[in-house]
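**Q** give me a model of this one.
(2 chains)
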There are 2 protein chains.
Amino acid sequence: MEQTAVSPLDQLIYLAKLTPADCPSDAVLLSRVSLADWLVCGIAGASEPVAEKMQAFAASEAGTASAASLFGGGEASARTAALVNGTISHALDYDDTHFDHVGHLSVGIYPAALAMAEVQDATADELCAAFLTGAEAAIRTGRVLGAAHYNRGFHQTATAGAFGATIAAGRLAGLNDMQMRAALSLCATRASGLKSQFGTMGKPLNAGIAASNGVEAAQLAGLGLSSADDGLFGPQGFVETHADSPEAFLAGFSELRFMENRYKFHACCHGLHAMIEGLRPLAASVDLADVEWLQIRTNPRWLRVCDLKTPRTGLEVKFSYAWLAGMVLSGLETGDRALYTDALAANRDLAAFAKKVEVVADASIGDQQGAGTLTLRDGMTRSYSHDLAAVVPPSELMERVAGKAKTVLGPRAAPVLELMHRLNDGPRAVSARGIGALIRRA
Amino acid sequence: MEQTAVSPLDQLIYLAKLTPADCPSDAVLLSRVSLADWLVCGIAGASEPVAEKMQAFAASEAGTASAASLFGGGEASARTAALVNGTISHALDYDDTHFDHVGHLSVGIYPAALAMAEVQDATADELCAAFLTGAEAAIRTGRVLGAAHYNRGFHQTATAGAFGATIAAGRLAGLNDMQMRAALSLCATRASGLKSQFGTMGKPLNAGIAASNGVEAAQLAGLGLSSADDGLFGPQGFVETHADSPEAFLAGFSELRFMENRYKFHACCHGLHAMIEGLRPLAASVDLADVEWLQIRTNPRWLRVCDLKTPRTGLEVKFSYAWLAGMVLSGLETGDRALYTDALAANRDLAAFAKKVEVVADASIGDQQGAGTLTLRDGMTRSYSHDLAAVVPPSELMERVAGKAKTVLGPRAAPVLELMHRLNDGPRAVSARGIGALIRRA
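**A** Numbers count the residues shown, from 1 in each chain, chains lettered A, B, ... in the order given. This next block holds a predicted model:
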């Protein structure tokens, strides 16, 4: 058969269905030759040094099959738990973002760190420290890969994230320098993740891939698997093969770039957040019906992203300046995912208000900033401006995460709030296994 | 601390050792904020559709923990077994090669196929058919990625191989077309493997990575994970992100490129094999001491690879035309790995013979071909020529693999030889689980 008009992918799917009768008989015979030859190589290979290590890896996966906890209940091996928890925790796309990284830190690194911390019976203090160094490693590796890497189609959350997950898992596993070097170099031949998965379950899976690769690389290096001297930054290493114009590595750790990590407190497009934060303080004193006109000034790039004038669905609302502005001034909790329904898109008051909203591109405004002016019926004006990049004290962020927990989880937030309280008291008292029990039961 | 004179990799290894006391206290607090925020996202994410599928994946890994056999003994989940067996069977680098692919087919695909065939209790017939279609898919995908992909630093055995492993595992898992499409697209965000691992245990690991990625993608697609429409050949898919100058996909399956698969019957550099095959028939009638002169004509590229004039170690012997020619004419079994010792490099007869050997570059000879002329003391000449690309009937190849099994495995070859006999009789009688038992016990 010839399928020249069919796409390559369809060709492969057709190929997968060929029966031996469809194939040249010699090809079928050759597949048996290959089987016999492969068996010889495998049986003989089982006496090689690498075989002992791989056997130990399989045993460690089986032996720790119930060592690491899963969101939603159940336990698995550390590597499987990392894959599963990375995916589940990125499913909502409601987690943190680091713009310099470029990507999401927690969902690629905490699943690896928690799984390994449970196996090692570490404290929450050790867990957080492993995450912190892993996150910093991921940010700096992501910076080296650069915007060109992202623009080519790679997803730094998965690619750079895997190296952060390796550092976090390797640190908790107690790797020495030589083993950590091997772990990072093994991760280099394993790290992957493409942006073309966006809009599918493959996107959250990319976070799980980062976490899982970190655990696997740390485990294999701990068992003594050898690897390239520098598989990450060295010749034909990950950077050289995956980055068209790599940036220099940022040296020195007296300042940590992790400080620029940003959290999501509104269940909508990040481009709307500066406006929401700017308008929120005005909501208490302004009634929606009193607004004559609202001018929103924003970075030009966002106009192509989140300026839907008349959203038709709850999902489209998440990309509409006009709707979110109306929601904030109506006092609605924009952090509540359940709020974004099709009925909200059809709300008459919000639709009427949207007609009074003007969105203006302003190149002098950064893409993490927002500004605007409300004109009221009485002629008075109120202005706002907000910069998401402004420093917010961690204690205030912790408070807002507590609010997010209540909004998103409802009564199920209680154990998380209690944990946050205990973390504030000093995390030594909390064990990783305690956190594992929390995610299994929450 | 500033470490500007230290390499980026060393910086990361230093970073991994920072304690909370070394870090800004706000960074430590922020790592707790991240933990709390991540917990909220994970607990809430556990109600998303993808969570149910990932939970099922974890359960299937645990539930099949003893379903797939390992070379060297023991059992593991299908995904772990694929990783372990791919690595172990490529440890010797003695497995097959497909020059168009570019890479090794069996070690990336059979481990995935066998693990899934054991889980599914398939026959050897179904196992071989799954491998055959997977191998053809890997070859055609490898051709699309092209020489530029390999030259950039990617290892087709791992990258293109993963798509073949996906086809093989997906076919055995009974995926429908839509699921197979998702499996290939999920594999696209997972496939990886770098050549910079060559010379380390990371090289055989790359074969295991291909196999493991195939099993994982097939399992996740079978559970209903969604993915890009065409993550492989589509926009920002694997080909677009990983190939600088992709070739066209070869359509139509009336001829299978798998027929060009080549097997290794000598435990030395592939560049020597054409000469060895050419000289072997002359060995019975020519005595080493009777040779006056041997002229070996070979493709110019091999002179930089395997023309060591005076090897000092057993490893160096594997890259010496002169030594291998002498070994063949002495009747030594060049397929025996144990033969290549340092003592062999010091052998006086072979050293004396090597002085009579001339290696000539000849651009008219292809890189799979070899030719030469023996001049004997009595003035008579004997010529040879051999083309590794010439078609060898599968039955003859099966015979030679049987010889390889005896040479490499010794008495442990018996169950493999018996299996080969039963495969020749018709593979329906053989079960994948029977082959699994063989590799556990051999």
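**Q** let me see the contact set for the residue of the stretch 301-442 of chain A found nearest chain B.
**A** Using Cβ to the nearest Cβ, the single residue of the stretch 301-442 of chain A nearest to chain B is A:P394, 3.6 Å away. (Each C-beta comes from the backbone N, C-alpha and C, glycine too.) Residues in contact with A:P394 (Cβ atoms under 8 Å, 6 or more residues apart in numbering or on different chains) are B:D26, B:L29, B:L30, B:R32, B:V33.
**Q** near chain A too, which of those?
**A** Filtering the contacts of A:P394 for neighbours of chain A using Cβ under 8 Å from any Cβ of the partner chain leaves B:D26, B:L29, B:L30, B:R32, B:V33.
**Q** rewinding a little: residues near the closest residue to the residue of the stretch 301-442 of chain A closest to chain B other than its chain neighbours, how many?
**A** Distances taken as Cβ to Cβ, 6 or more residues apart in numbering or on different chains place B:L29 nearest to A:P394, at 3.6 Å, with adjacent residues excluded. Other residues lying near B:L29 total 19 when counted by other Cβ atoms under 10 Å in any protein chain shown.
**Q** kindly report the same for A:R304.
**A** 9.
**Q** and the gap between it and A:V359?
**A** 12 Å (Cβ to Cβ, to the nearest Å).
**Q** coming back round to it: strands - which of the ones next to chain A among the contacts of A:P394 land there?
**A** Counting by DSSP state E, the ones next to chain A among the contacts of A:P394 place none of their members in strands.
**Q** got a winner among these for most neighbours?
**A** That'd be B:L30 among those, by other Cβ under 10 Å, with 28 neighbours.
**Q** name the helices or strands packed onto the one helix or strand A:A135 maps to?
**A** Element membership of A:A135 [criterion: DSSP states H and E] is helix A:124-152. Judged by 3 or more Cβ pairs under 8 Å, 6 or more residues apart in numbering or on different chains; DSSP states H and E, helix A:124-152 is in contact with helix A:106-120, helix A:159-172, helix A:238-242, helix A:432-441, helix B:8-15, helix B:25-45.
**Q** quick one: the ones you listed as a markdown table, columns for mean pLDDT too.
**A** Converted to a markdown table, the helices and strands packed on helix A:124-152 look like this (pLDDT from 0 to 100):
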| stretch | mean pLDDT |
| --- | --- |
| helix A:106-120 | 96 |
| helix A:159-172 | 97 |
| helix A:238-242 | 97 |
| helix A:432-441 | 94 |
| helix B:8-15 | 90 |
| helix B:25-45 | 87 |
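**Q** tell me the residues of the stretch 301-442 of chain A that contact chain B?
**A** Checking the stretch 301-442 of chain A against chain B by Cβ under 8 Å from any Cβ, the hits are A:337, A:393-395, A:397-398, A:401-402, A:404-405, A:408-409, A:412-413, A:416, A:419-420, A:423-424, A:427, A:435, A:438-439, A:442.
**Q** narrow those residues to just the buried residues.
**A** Neighbour counting by 16 or more other Cβ atoms under 10 Å in any protein chain shown classes A:337, A:394, A:397-398, A:401-402, A:404-405, A:408-409, A:412-413, A:416, A:419-420, A:423, A:427, A:435, A:438-439, A:442 among those as buried.
**Q** just these: which are in helices?
**A** With DSSP state H as the criterion, helices contain A:394, A:397-398, A:401-402, A:404-405, A:408-409, A:416, A:419-420, A:423, A:435, A:438-439 from among those.
**Q** quick one: low-confidence parts of chain A?
**A** A:1-5, A:64-66, A:426-428 (pLDDT under 70).
**Q** spatially central residue in chain A, please.
**A** A:H104 (3.6 Å; Cα atoms, centre = their mean).
**Q** all the strands of the stretch 301-442 of chain A, residue numbers only.
**A** A:357-361, A:369-376, A:381-387 (DSSP state E, counting those that start in this stretch).
**Q** and these, which is most packed in?
**A** strand A:369-376 (a mean of 20; mean count of other Cβ atoms under 10 Å in any protein chain shown).
**Q** TSV for the strands of the stretch 301-442 of chain A, including distance to A:A113?
**A** Formatted as TSV, those follow (distance: least, Cβ to Cβ, whole Å):
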stretch	distance to A:A113
strand A:357-361	41
strand A:369-376	33
strand A:381-387	31
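**Q** now for these, which one comes closest to A:A168?
**A** Nearest to A:A168 among the strands of the stretch 301-442 of chain A is strand A:381-387 (30.1 Å), distances taken as Cβ to Cβ.
**Q** ok, and what's touching that closest one?
**A** Applying Cβ under 8 Å, 6+ apart, the contact partners of strand A:381-387 are A:274-275, A:277-279, A:281-282, A:286, A:366, A:368-376.
**Q** how is chain A divided into domains?
**A** A:8-47, A:54-262, A:270-387, A:394-440 (automatic domain parsing).
**Q** for these, give me CSV that also has distance to B:A56.
**A** Below are the domains of chain A laid out as CSV (distance: least, Cβ to Cβ, whole Å):
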stretch, distance to B:A56
domain A:8-47, 23
domain A:54-262, 10
domain A:270-387, 24
domain A:394-440, 16
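**Q** most tightly packed of those domains?
**A** Across these, averaging neighbours per residue (mean count of other Cβ under 10 Å) puts domain A:54-262 on top, at a mean of 25.
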